[in-house]
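Novice: After the sequence you'll find the predicted model.
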Amino acid sequence: MPAALSNPQKRYLRGLAHDLKPVIMVGAKGVTDAVVAEAGLAVERHELIKVRVAAGDRELRDQWIADLCERADASLVARIGNIAVLYRRSQDNPLIVLPKA
């Protein structure tokens, strides 16, 4: 389970994520093992990623985002429409220094 982020930390990460493009796309099949594996690799490498979720139903989209966060061991920073921002500190090479909570 990833550590909970404080509001100032989330605000900082949202600012860093503003110019990022989505690197993971969740399609009609939902959160598959392949999507989870790819998201895990991407978030380990970059620490902060955007995910585009193509679900028409808001409840289904929120469920898929929560499932992806749980299975990829990442924290949800923000969700705006079909885009979710995920963060997980890299084990090997931390790139982002979070402000103090």
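Specialist: Arrived safely.

Novice: Nearest residue to the most centrally placed residue in the chain in space, ignoring adjacent ones along the chain?
Specialist: For the chain, the residue nearest the mean C-alpha position is residue 86 (1.7 Å; Cα atoms, centre = their mean). Distances taken as Cβ to Cβ, 6 or more residues apart in numbering place residue 74 nearest to residue 86, at 4.1 Å, with adjacent residues excluded. Using the backbone N, CA and C atoms, a C-beta is placed for each residue, glycine as well.

Novice: residue contacts, that neighbour?
Specialist: With contacts defined as Cβ atoms under 8 Å, 6 or more residues apart in numbering, the neighbours of residue 74 are 2, 39, 43, 68, 86, 87, 88.

Novice: ok, of those residues, which one's closest to residue 54?
Specialist: residue 68 (12.9 Å; Cβ to Cβ).

Novice: In this structure, what residue spans correspond to strands?
Specialist: Under the criterion DSSP state E, strands of the chain are mapped to 22-26, 48-53, 75-80, 83-87.

Novice: Would you tell me which of these gets closest to residue 8?
Specialist: strand 75-80 (12.2 Å).

Novice: Can you point out the buried residues in that closest one?
Specialist: 75, 76, 77, 78, 79 (16 or more other Cβ atoms under 10 Å).

Novice: nearest residue to the last one other than its sequence neighbours?
Specialist: Going back to what we said before, that points to residue 79. Spatially, and ignoring its direct neighbours in sequence, residue 79 is nearest to residue 65 (6.1 Å; Cβ to Cβ, 6+ apart).

Novice: Name all residues that make contact with the one you found.
Specialist: 51, 53, 76, 79, 84.

Novice: May I see the buried residues of stretch 17-29?
Specialist: Across stretch 17-29, burial judged by 16+ other Cβ under 10 Å covers 17, 23, 24, 26.
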